[in-house]
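Participant: The amino acid sequence is not available; the structure is as follows:
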């Protein structure tokens, strides 16, 4: 009897291993290290939930998916080495990545459209490489519905734009300039500070003097925390509301309830979205990972969307062959804790949530459905 | 007029915060000739004290004993295990404390997690100075730094321990010969320097973004202040913090933050290159 059990167990494990060989392997590129390393754990957990959901629904064309992770919180030259290894040595058939734009450019250059690649991070827009699909929020998505809404409901008309000095804040502010002008507001100041800044006193003086009644914050990570803490210490929250397009749950935790009065954030996901699917998502994270469950946030959760899109593409095309996927991509849709999203060109039209962080935790105040990405590729 | 008042207050704050942050580094270098590259990590450790106090539901003042215990114990261990063996070996101690800083940063990631933390300011609101509303907590810290700095300066000049410290710095062998326990004094000096760093982190915590990686910024800014001011004296520290803090505030207000950083970096390079002894020693 005992022997029989052992043989059966052995047979089962061999069977599982055998099945694993036939699995559809997907490369999941997440930042375990580097400045975005904070998002590593939530991204990995999002990916695991997505793989479960895809496999429960029958995998990709009947084959279960297997995830192979790689750390891309590295300089681009090193990150593409991991991608190369996954592609050539591990037989990965598609990539889903949440990382910075420099790494994306390097990966696009390496894959050259031979393998489908879904990019999921909030970014500046404009990616049109063949075989590359984007679920990440673009500036147009995060701002076009939100700025007019804030003008109408919060009286925000004179905007001051402050960001770190690189392309994402600059491109976001370029989009903001147009949207603010179109909504009848005006830009009363625009400035960029070096990454890693900790002294914002001079900027705060300029914001006060500008008479702004709204500030668009495109500072990232610790810079955003330091700015927002000093902003509230000076009592500027009474003068002008703040809107951030990359202030997620971790950044807000660093800012703290005492410093978050009239701090708004616009993203495709917040842990507190009031819908059954979003609640089910956060409940599953707690149930599955217990004390190790990472704080859910839009950056990490985006990997779930990326994998869902990859599965939708593979199922629609009948395989993950890049030409077959490209032929069916436009119009492909999937659902996620964010809501429904549809591929329009190579970007998704998706739901955007505006949340108020005043209490120290985000409360979604309104949402906008099927917001177009504003990116058109020829 | 208002602009001038605001600028003066901002510059004073930058200088006070910088002097506070750099004090421990100056102390350890001045007394022991050890460039403590893990200085910033002791600042970081101190900044987590009020975070822990809040987490445990303790009153804000409980952060002080938590800070002293956490930082003091770590510093004592570090002195025993690493630094003690490297006195008078400046380059070796620099490398060893650099390694230590990485270890402490990663340790903090494990213990506290990578996420950002916040500390509510114990003194909320702004104080009106003319037409300018200035954060009350900053004003309190400025006053504390002035009082503390003056007290420390007087103590060092007048107390017996101050005298023994000076004897040890001037001639360790002779100091030992006349019965000064230099090993104990050195250990005390190192732990005190680290405690200063920890207390700086604790005091500045409500104004900073708190995460395991925050120490690097503290180290670099402290280092610049010491280079310019001259290593290892309170007067040099005050002078260096004033020049660096004032220059950064001035250029940032007049132009941009980028100009501020550029100015500070250029000045630091100039001093390292042309005046490695700094301002104070040259007089």
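Facilitator: All right, it came through fine. On a predicted model such as this, the values are computed, not experimentally measured, just so you know. Residues are numbered from 1 along each chain as shown, chains lettered A, B, ... in the order given.
Participant: where exactly do the helices run in the chain?
Facilitator: Picked chain A for this. A:2-22, A:40-56, A:76-88, A:101-111, A:139-143, A:146-154, A:167-182, A:201-210, A:221-233, A:249-255, A:276-289, A:298-317, A:322-328 (DSSP state H).
Participant: To clarify, I was referring to chain B.
Facilitator: According to DSSP H, the helices that chain B contains are B:2-32, B:39-55, B:63-81, B:90-112, B:136-158, B:160-170, B:172-177, B:182-204, B:215-229, B:234-254, B:257-274, B:278-282.
Participant: ranking those by burial, who's on top?
Facilitator: helix B:39-55 (a mean of 26; mean count of other C-beta atoms under 10 Å in any protein chain shown). All C-beta atoms are positioned from the backbone trio N, CA, C, and that covers glycine.
Participant: For the residue nearest to residue A:228 when sequence neighbours are not counted, list the residues it contacts.
Facilitator: Leaving aside its chain neighbours, residue A:228 sits nearest to residue A:255 (4.4 Å; criterion: C-beta to C-beta, 6 or more residues apart in numbering or on different chains). Contacts for residue A:255 were tallied using C-beta atoms under 8 Å, 6 or more residues apart in numbering or on different chains; they are A:224, A:225, A:228, A:229, A:232, A:247, A:263, A:357, B:116, B:118.
Participant: how about these in JSON lines, adding distance to residue B:23, neighbour count and pLDDT?
Facilitator: Formatted as JSON lines, the contacts of residue A:255 follow (distance: C-beta to C-beta, whole Å; neighbours: other C-beta atoms under 10 Å in any protein chain shown; pLDDT from 0 to 100):
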{"residue": "A:224", "distance to residue B:23": "29", "neighbour count": "26", "pLDDT": "95"}
{"residue": "A:225", "distance to residue B:23": "24", "neighbour count": "29", "pLDDT": "95"}
{"residue": "A:228", "distance to residue B:23": "28", "neighbour count": "30", "pLDDT": "96"}
{"residue": "A:229", "distance to residue B:23": "23", "neighbour count": "24", "pLDDT": "96"}
{"residue": "A:232", "distance to residue B:23": "27", "neighbour count": "23", "pLDDT": "95"}
{"residue": "A:247", "distance to residue B:23": "34", "neighbour count": "29", "pLDDT": "96"}
{"residue": "A:263", "distance to residue B:23": "34", "neighbour count": "26", "pLDDT": "97"}
{"residue": "A:357", "distance to residue B:23": "35", "neighbour count": "26", "pLDDT": "96"}
{"residue": "B:116", "distance to residue B:23": "25", "neighbour count": "23", "pLDDT": "93"}
{"residue": "B:118", "distance to residue B:23": "25", "neighbour count": "26", "pLDDT": "93"}
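Participant: Near chain B, which residues of chain A? Just list them.
Facilitator: A:37-38, A:165, A:191-194, A:196-203, A:205, A:209, A:221-223, A:225-226, A:229-230, A:233-235, A:250-251, A:253-259, A:295 (C-beta under 8 Å from any C-beta of the partner chain).
Participant: Format the helices of chain B as a markdown table; extra columns: mean pLDDT.
Facilitator: Listed next are these as a markdown table, based on pLDDT from 0 to 100:
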| stretch | mean pLDDT |
| --- | --- |
| helix B:2-32 | 91 |
| helix B:39-55 | 96 |
| helix B:63-81 | 96 |
| helix B:90-112 | 94 |
| helix B:136-158 | 93 |
| helix B:160-170 | 84 |
| helix B:172-177 | 85 |
| helix B:182-204 | 93 |
| helix B:215-229 | 91 |
| helix B:234-254 | 92 |
| helix B:257-274 | 91 |
| helix B:278-282 | 72 |
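Participant: for those helices, which one sits closest to residue A:335?
Facilitator: Shortest distance between residue A:335 and the helices of chain B, using C-beta to C-beta, is found for helix B:90-112: 35.1 Å.
Participant: Off-centre distance for the closest one?
Facilitator: The chain centroid and the centroid of helix B:90-112 are separated by 17 Å, computed with C-alpha atoms, centre = their mean, to the nearest Å.
Participant: With stretch B:181-197 instead?
Facilitator: Worked out by C-alpha atoms, centre = their mean, stretch B:181-197 lies 15 Å from the chain centre.
Participant: How about stretch A:265-276?
Facilitator: 12 Å.
Participant: got the buried residues for it?
Facilitator: Using 16 or more other C-beta atoms under 10 Å in any protein chain shown as the test for burial, stretch A:265-276 gives A:265, A:266, A:267, A:268, A:269, A:270, A:271, A:272, A:273.
Participant: For the stretch 51-200 of chain B, which residues are neighbours of chain A?
Facilitator: Contact residues, the stretch 51-200 of chain B versus chain A (C-beta under 8 Å from any C-beta): B:114-121, B:124-126, B:133-135, B:137-138.
Participant: Show me how to select, in ChimeraX, the buried members of these.
Facilitator: Selecting the buried subset of these in ChimeraX, with 16+ other C-beta under 10 Å as the burial test, is done by:
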select /B:114,115,116,117,118,119,121,126,133,134,135,137,138
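Participant: residue contacts, residue B:130?
Facilitator: B:1, B:2, B:5.
Participant: just residue B:71 next, same as before
Facilitator: Residue B:71 is in contact with B:42, B:45, B:46, B:49, B:194, B:195, B:197, B:198, B:199, counting by C-beta under 8 Å, 6+ apart.
Participant: rerun at 6 Å
Facilitator: Counting by C-beta atoms under 6 Å, 6 or more residues apart in numbering or on different chains, residue B:71 makes contact with B:42, B:45, B:46, B:194, B:195, B:198.
Participant: Nearest to chain A among those?
Facilitator: Set against chain A, the nearest of those by C-beta to the nearest C-beta is residue B:46 (16.2 Å).
Participant: Quick check: residue B:63 vs chain A, distance?
Facilitator: 15 Å (C-beta to the nearest C-beta, to the nearest Å).
Participant: wait, that residue sits on residue B:52?
Facilitator: No. Counting by C-beta atoms under 6 Å, residue B:63 does not reach residue B:52; the two are 7.6 Å apart.
Participant: returning to that earlier point: which one among the buried residues of stretch A:265-276 gets closest to chain B?
Facilitator: residue A:271 (13.4 Å).
Participant: quick one: that closest one and residue A:338, what's the gap?
Facilitator: Residue A:271 sits 12 Å away from residue A:338, going by C-beta to C-beta, to the nearest Å.
Participant: Next up, the contacts around the closest residue to residue A:214 other than its chain neighbours.
Facilitator: Excluding the flanking residues, the one nearest residue A:214 by C-beta to C-beta, 6+ apart is residue A:156, at 3.6 Å. Taking C-beta under 6 Å, 6+ apart, we find residue A:156 in contact with A:150, A:213, A:214, A:241.
Participant: beta partners for whichever residue of the stretch 51-200 of chain A sits closest to chain B?
Facilitator: Among all residues of the stretch 51-200 of chain A, residue A:193 sits closest to chain B, at 4.2 Å; criterion: C-beta to the nearest C-beta. With DSSP bridges applied, residue A:193 shows beta-bridge pairing to residue A:164.
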